[in-house]
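In: The following block contains a protein sequence and its predicted model.
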Amino acid sequence: MNIQKKRLLDSLRFAGFSEYIIKAFSEINREEFVNEEDIAYAWSDMPLPLGFNSTISQPYTIAFMLNLLELENKPCLKVLEIGSGCGYVLALMNSILKDSKFFGIEINKEVGKNSIQRLSKYQNISILLQDGKNGLLENAPFDRILISAACESNPYYLVEQLFDSGAIVSPVLNSIVKIKKSGTEASVQEFPDFSFVPLL
């Protein structure tokens, strides 16, 4: 195994992430999702530029959000990612979830077109090149909604696009929040000290 890859997996394991998350990071080759000039840094625990004012997030941050989504032992989910970028997180979630359906929305057409090509082998992943701030009502409800760029406030308006007991995980300013739906109620947890590009 690539020594940089092993170090990253070991660091995620040391941080306390579950083995199902470690396994996904092991199975999905991050080198395929970064720019050619950044391949040497693909397994570093750092965000990397994709061009067009987009980035691929730090692996630790991605693992943190995947952990909040509670994907383990939950087959056949319907998942939406808003700001799906290069498609790396969609590929990771597909590695974790079996027989599930994924929708990605990416407003940056150049980045999105690259992700469509990159993920073309996955019949269960659909990527739409459009503004995603209002979710994807025509395909709702979803079991999970992941927003991969920072909102200015908690995206409560997307709760109506969740199944009961569904969840939203989203950066909000410099925090990550988890919104859990239960009937007509929504509970919120906040985890500070993160940094994301803003949701466009």
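Out: That came through, no problem. Residues are numbered from 1 along each chain as shown.

In: For this structure, which segments count as strands?
Out: 48-51, 54-56, 78-82, 101-105, 125-128, 142-147, 162-172, 175-182, 185-192 (DSSP state E).

In: Can you lay out those as CSV showing distance to Ala40 and mean neighbour count?
Out: For the C-beta atoms, the positions are set from N, CA and C on the backbone; glycine is no exception. As requested, the strands of the chain are exported to CSV (distance: least, CB to CB, whole Å; neighbours: other CB atoms under 10 Å):
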stretch, distance to Ala40, mean neighbour count
strand 48-51, 10, 16
strand 54-56, 14, 21
strand 78-82, 27, 24
strand 101-105, 27, 24
strand 125-128, 27, 20
strand 142-147, 28, 24
strand 162-172, 27, 20
strand 175-182, 28, 18
strand 185-192, 31, 12
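
In: who's in contact with Ala24?
Out: 66, 92-93, 95-96 (CB atoms under 8 Å, 6 or more residues apart in numbering).

In: and with 6 Å instead?
Out: Residues in contact with Ala24 (CB atoms under 6 Å, 6 or more residues apart in numbering) are 92, 95-96.

In: burial measure for the closest residue in space to it that isn't next to it in sequence, as a count.
Out: Leaving out its chain neighbours, the residue that sits closest to Ala24 by CB to CB, 6 or more residues apart in numbering is Ser95, at 4.1 Å. With neighbours defined by other CB atoms under 10 Å, the count for Ser95 comes to 17.

In: centroid residue for the chain?
Out: The centre of the chain sits closest to Val89, judged by CA atoms, centre = their mean, with a distance of 4.2 Å.

In: how near is that one to Asn154?
Out: Distance, Val89 to Asn154, using CB to CB, to the nearest Å: 20 Å.

In: Same question for Leu66.
Out: Per CB to CB, Leu66 is found 20 Å from Asn154.
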